[in-house]
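Student: Please work out how this folds:
(one chain, ligands or ions: 1)
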Amino acid sequence: MTPPHLAVQGLSCGYGGRVVVHDVDFTLSGGEFLCLLGPNGVGKTTLFKTVLRLMPSLGGRTLVDGEDIAGWSRRMIARAVGYVPQAHTPPFPFEVGLVVAMGRTAHLGPLSSPGRDDVLIAEEVMDSLGIAHLAYRACTEISGGERQLMLLARALVQQPRILVLDEPTSALDFGNQARILDHVSQLVHQSGMAVLMTTHDPNHALRYATHVASVDRGGRFSVGLPGDMVNADYLKETYEVDAGFVEASLANGAKARLCLALGRTTSSHSLTRQPRR
Ligand SMILES: Nc1ncnc2c1ncn2[C@@H]1O[C@H](COP(=O)(O)OP(=O)(O)OP(=O)(O)O)[C@@H](O)[C@H]1O
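Tutor: Predicted coordinates for the structure are as follows:
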């Protein structure tokens, strides 16, 4: 795999002229795993969609391997970047195996359908994510977690060099969260994939990310190393909870620093505070 390079330069995004996130600058290379944190409603999904040109930007640009993707077709973008949206139910009751195989579309000619090799790739990916048994089930009749795994499988069969994941584990049980993030982490470290992921669990960032980015309630973007970004002050400011840290030993003997919410700070008063502008 040619090592990918994503550069986001001076990007601002929002709706109808209302700026939600502004002045976003970061780069992401093969072998890097960037976790994006931030409270509900600050604009993480909006930022991802704008980075991928699924919605127009209010300024700035996205470069893949040095080229501005504004001029790229959806097919060209899909060959380089796999995207797993936050929640998406396909409108028709296609079989799960077919939805996953549709991820190959980016690599097929305009009128071709998936061939034997494409089906094998889809089967292999479904097997690796533990969803081979869902292949003939209607995608409209599976659970939320199973749907999330199906969408991840669809993105992986694209064989992208860059993977953008919007809360990919929000519906997964504890074991599946660990298995999926281990799998994604392996793709980063062994295959040189570049991953950009949002999560509401700062422990995902502490455990897996090489870099952590954040959007605050003022739509300001920042990025740094996990140990510098995710500290007690950051968690208090971002989520309005006091947090403590513990160290755990991983199966390979390495140490992981993890956080634990200790309770809401006295200043917090609402579950859905309005963003400060
Ligand atoms: N289609 C839309 N039109 C107008 N405003 C929108 C639209 N979609 C989202 N918003 C608003 O834009 C802001 C950012 O939403 P976004 O979904 O990007 O936040 P988020 O950080 O991903 O949230 P969450 O963590 O809850 O998933 C919110 O104020 C939201 O209400």
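
Student: Output the longest helix belonging to the chain.
Tutor: When secondary structure is assigned using DSSP state H, the longest helix within the chain turns out to be helix 174-191.

Student: For that helix, which helices and strands make contact with it?
Tutor: Based on contacts counted as 3 or more C-beta pairs under 8 Å, 6 or more residues apart in numbering; DSSP states H and E, the elements that helix 174-191 packs against are strand 33-37, helix 144-157, strand 162-166, strand 194-198, helix 202-208. C-betas here are computed from N, CA, C, even on glycine.

Student: Up against the ligand, what does the stretch 1-150 of the chain have?
Tutor: 15, 20, 38, 40, 41, 42, 43, 44, 45, 46 (C-beta under 6 Å from any ligand atom).

Student: Nearest to residue 91 among the residues you listed?
Tutor: Among these, residue 45 lies closest to residue 91 (C-beta to C-beta), at 19.8 Å.

Student: related to what we said a few turns ago, and the helices and strands packed on helix 174-191 as JSON lines, adding mean neighbour count?
Tutor: As requested, these are arranged in JSON lines below (neighbours: other C-beta atoms under 10 Å):
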{"stretch": "strand 33-37", "mean neighbour count": "25"}
{"stretch": "helix 144-157", "mean neighbour count": "23"}
{"stretch": "strand 162-166", "mean neighbour count": "24"}
{"stretch": "strand 194-198", "mean neighbour count": "25"}
{"stretch": "helix 202-208", "mean neighbour count": "21"}
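
Student: rewinding a little: the longest helix of the chain to helix 144-157, inter-axis angle?
Tutor: With axes from the mean of the first three to the mean of the last three C-alpha atoms, to 10 degrees defining the directions, helix 174-191 sits at 10 degrees from helix 144-157.

Student: What residues of helix 174-191 count as buried?
Tutor: When burial is assessed from 16 or more other C-beta atoms under 10 Å, helix 174-191 yields the following buried residues: 176, 177, 179, 180, 181, 184, 185, 187, 188.

Student: Keep the residues you listed, but drop any that are not near the ligand.
Tutor: Filtered for proximity to the ligand (C-beta under 6 Å from any ligand atom), the buried residues of helix 174-191 leave an empty set.

Student: from those, which single one is nearest residue 99?
Tutor: Taking C-beta to C-beta as the measure, residue 180 is the one of the buried residues of helix 174-191 closest to residue 99, at 17.5 Å.

Student: separation between the closest one and residue 65?
Tutor: Residue 180 sits 27 Å away from residue 65 when distances are taken as C-beta to C-beta, to the nearest Å.
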